[in-house]
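[1] Generate coordinates for the sequence data below:
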Amino acid sequence: MTGLAAAAPRLALYLDLIRWNRPAGWLLLLWPTLSALWIAAGGFPGWHLLLVFVAGTVIMRSAGCCVNDVADREFDRHVKRTALRPVTSGRVGVREALALGAVLALVAFALVLSTNPPTIWLSVAGLAITLAYPYAKRAVSMPQAVLGLAFSFGIPMAFAAVLGSHDWTPAAVAAAVPAQAWWLLVGNACWVLAYDTEYAMVDRDDDLRIGMKTSAITLGRFDVTAVMAFYALYLGSWSWLGHALGLGGIYQLGLLVAAAQAAWHYTLIRGRTREGCFRAFRLNHWLGASVFIGVALDLALRR
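    Here you go, the predicted model:
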């Protein structure tokens, strides 16, 4: 019992490190991935793929948090909202956090190994983008675009898992992921740009002071306009692509519900208050859920 009592505080720190009590992050990853999985399968994809992608999404997001906090530890200590993160505050060491992230990434990779070669290859590319994102904030004026790729890579992986073969060649990867899947990725990346710009607006003053590059800083006084344009590009592209893929009125209704939420987010961010912008970001997973429900119901009622 003494050992368990001693381990409990450490476990609490690890759960804080991976944002276990803040599920919005992995939900933002999960909904577009599940939407793609349902579209690729023409409905329910089966319990195996559902488990792989739900568990893999949660685990990889947790691994990404470990890497992100290590990369940003010197910046985060100057930002009020992030100063008490476990790595930043020194309660979890750098090597310890990286070791936890590596273990989580290996678990996620083990899940992917139960799919097929095209999905495995794509998972390696997705991991590379995930690792690159924390460092993009030092060199790219809109690092949210890199995050958009990382948070959308589950889409081509979902198509590959459903449609892929057991061939390891690059041609097999290309055959497993149709062009529409890549366009869905591009459209979803616009959604990531929208909500992560809202997130960046929360910390804009701190980021300016420490020299961090974000879309909120780059866009300046056009930030709110850009966020709404990103929402429009996301919803408009998914509407067109869904129609091209044979999705019907119920799917479009789901997008309409998502559009209504985006319009409400405008009322939250137009004043550029920290509270309003953070609330808009934190509630974005409901927008993604609306789209997924539209996909799932449209396909289920068609049968």
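
[2] now the strands: where do they sit in this protein?
    Counting by DSSP state E, the chain forms no strands at all.

[3] Run through it and note the low-pLDDT ranges.
    1-8, 303 (pLDDT under 70).

[4] one more time with 80
    Within the chain, the ranges that satisfy pLDDT under 80 run 1-10, 72, 74-84, 137-138, 211, 302-303.

[5] Tell me which residues touch the nearest residue to Ile293 once chain neighbours are set aside, please.
    Of all residues not flanking Ile293 in the chain, Gly254 sits nearest, at 5.6 Å (C-beta to C-beta, 6 or more residues apart in numbering). Every residue, glycine included, has its C-beta placed from N, CA and C. Gly254 is in contact with 290-295, 297-298, counting by C-beta atoms under 8 Å, 6 or more residues apart in numbering.

[6] If we use 6 Å, what do you get?
    Gly254 makes contact with 290-291, 293-294 under the criterion C-beta atoms under 6 Å, 6 or more residues apart in numbering.

[7] cool, and Cys190?
    230, 233-234.

[8] residues contacting Arg204?
    Contacts of Arg204 by C-beta under 6 Å, 6+ apart are Ala216.

[9] Can you give me the distance of it to Asp223?
    8 Å (C-beta to C-beta, to the nearest Å).

[10] same check, this time on Gly126
    For Gly126, the distance to Asp223 - C-beta to C-beta - is 28 Å.

[11] same deal with Ala12?
    Ala12 is 36 Å from Asp223, by C-beta to C-beta.

[12] if you count what's nearby, which of those two comes out ahead?
    The neighbour count for Ala12 versus Asp223, taken as other C-beta atoms under 10 Å, is higher for Asp223 (22 against 13).

[13] Looking at neighbours, which among the contacts of Cys190 is most surrounded?
    Of the contacts of Cys190, with other C-beta under 10 Å as the count, Tyr234 tops at 29 neighbours.

[14] if I read this right, it contacts Gly187, doesn't it?
    Yes - using C-beta atoms under 6 Å, Tyr234 makes contact with Gly187 at a distance of 5.3 Å.
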